[in-house]
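Engineer: Structure for this input, please:
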Amino acid sequence: MAKEIDKQQKHGTATGPVNTEITGPALDRTFSVAPMMDWTTRDYRAFARTLTRRALLYTEMVTTGAILHGSPRSRFLGHDDVEHPLALQLGGSDAGELAECAAIAEAWGYDEVNLNVGCPSDRVQNNLIGACLMGHPEKVAAAVRAMREAVSIPVTVKCRIGIDDQDEDTDLERFIATVADAGCDTFIVHARKAWLEGLSPKENRDIPPLNYARVHRLKASHPELHIGINGGLRTLDACREQLDLVDSVMVGREAYQNPWLLAGVDEALYGMTGPAGSRHAAARALRPYIARRLDEGAKLNHLTRHLLGLFQGQPGGRKFRRHLSEHAHREGADLMVFDDALGLVPEHEAAAVA
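Structural biologist: Numbers count the residues shown, from 1 in each chain. This next block holds a predicted model:
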């Protein structure tokens, strides 16, 4: 029923369901930006599109409860056509609820639905969401099966190589085989264990050692599956090296903290020219979007916080960040604050080293 209601509204604005027809290239997972809580918001994703047309973008994780019971639904699902290709990451474990949310996501125009089986936070563990589900492969399989039956768009899984004292070979193989038997053919694997006892979510992003070789072996043993790799990738050269051994790469923090990395993705990994000729050009390209979002009632600092790393290492970059940090949060802050910050970066110098 929720799917039918949303379909009837599909031709709405940026805050409502959108047309599902993708006008750009077909879905390609070669390079994607990882789902990151509080970071990969709709405003960050719009900014990312000034840098890359081809990267697959993911939402923050959205729980089934937020979608089914939160209001307005646009708070959790609203996005713009420019963000495509775009995947919604769901958090949950109840097969029926996940299927209903997947159907809603398809009605809202998302190109893929991804199930989070990798987040290690206590809050999601208590609700049987995230990495703890690696200990329940049959439950994940049931959820995937129900979601696939509910939608025509791809249903994928993002997981770890294991949790706690699980064996990285035996238990990971069991998890992948069980979920693949339910019809999932695409797994994005964070190449670290998640320690649910003893490490914080922040520590789980750095302390467990990376084990790329385990993901490489997973791909070698399952050539029929799409296996993507995530974790610790910071350069496009490193991404290219991984693509010799797996099907796709996913970059997280580096794509947010150093967003100019994305400006090289289209050419380096897809063989086509990207949209941004310079950092200034990317910032100016986002200006109409910022103006529209301000008209809709958004706060300037909520929009510009995603751009703070754009001029990282560039002359005037610190002044740019400082000006936005000190002024964008003030009542009535408008595009003049953004323009003034941009004016603190010498354009000819920034373009020369871009």
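Engineer: going forward, measure contacts and count neighbours with C-alpha atoms only.
Structural biologist: Fine.
Engineer: Name the residues of stretch 84-102 that are buried.
Structural biologist: Residues of stretch 84-102 classed as buried under the neighbour-count rule (16 or more other C-alpha atoms under 10 Å) are 84-95, 97-102.
Engineer: next one: stretch 69-86
Structural biologist: With the criterion 16+ other C-alpha under 10 Å, stretch 69-86 contains buried residues F76, L77, G78, H79, D80, D81, V82, E83, H84, P85, L86.
Engineer: Next: stretch 141-153.
Structural biologist: Going by neighbour count (16+ other C-alpha under 10 Å), the buried part of stretch 141-153 is A141, A142, A143, V144, R145, A146, M147, R148, A150, V151, I153.
Engineer: shouldn't the last one be in contact with A107?
Structural biologist: Okay, so that is I153. No: using C-alpha atoms under 8 Å, I153 makes no contact with A107, being 10.3 Å away.
Engineer: the helices in the stretch 201-350 of the chain, which residues?
Structural biologist: Remark: helices of the stretch 201-350 of the chain, listed N- to C-terminal, are 212-221, 236-242, 253-257, 265-270, 279-295, 300-304, 317-327, 335-343, 347-352; assignment by DSSP state H, counting those that start in this stretch.
Engineer: next one: the stretch 51-200 of the chain
Structural biologist: Counting by DSSP H, counting those that start in this stretch, residue ranges of the helices within the stretch 51-200 of the chain are 64-69, 74-77, 95-107, 122-125, 137-150, 170-181.
Engineer: rank those helices by pLDDT, which is bottom?
Structural biologist: Between the helices of the stretch 51-200 of the chain, the one with the least mean pLDDT is helix 122-125; it has a mean of 61.
Engineer: distance between the ends of stretch 172-191?
Structural biologist: End-to-end distance of stretch 172-191: 11 Å, with C-alpha to C-alpha, to the nearest Å as the criterion.
Engineer: Need the contact partners of it.
Structural biologist: Contact with stretch 172-191 is made by 118, 134, 137-138, 140-142, 144-145, 148, 155-162, 210-212, 214-215, 218, 224-231, 250, as judged by C-alpha atoms under 8 Å, 6 or more residues apart in numbering.
Engineer: That stretch: which residues count as buried?
Structural biologist: By neighbour count with 16+ other C-alpha under 10 Å, stretch 172-191 contains the buried residues 172-173, 175-176, 178-180, 182-191.
Engineer: what's the answer for stretch 194-208, then?
Structural biologist: By neighbour count on 16+ other C-alpha under 10 Å, the buried set for stretch 194-208 is A194, W195, L196, N204, R205.
Engineer: Can you get me the start-to-end distance on that stretch?
Structural biologist: Terminal-residue distance, stretch 194-208 (C-alpha to C-alpha): 7 Å.
Engineer: tell me how far the ends of stretch 305-312 are from each other?
Structural biologist: In terms of C-alpha to C-alpha, the two terminal residues of stretch 305-312 are separated by 13 Å.
Engineer: And that stretch, how far out from the chain middle?
Structural biologist: A distance of 18 Å separates the centroid of the chain from that of stretch 305-312, by C-alpha atoms, centre = their mean, to the nearest Å.
Engineer: Let me see the mean pLDDT of it.
Structural biologist: Here stretch 305-312 scores 98 as its mean pLDDT.
Engineer: for stretch 283-296, same thing?
Structural biologist: Model confidence over stretch 283-296, given as mean pLDDT, is 97.
Engineer: buried sites along that stretch?
Structural biologist: Counting neighbours by 16+ other C-alpha under 10 Å, one finds that the buried residues in stretch 283-296 are A283, R284, A285, L286, Y289, I290, R293, L294.
Engineer: Name the nearest of the residues you listed relative to G271.
Structural biologist: Taking C-alpha to C-alpha as the measure, G271 lies nearest A285 of those, at 22.2 Å.
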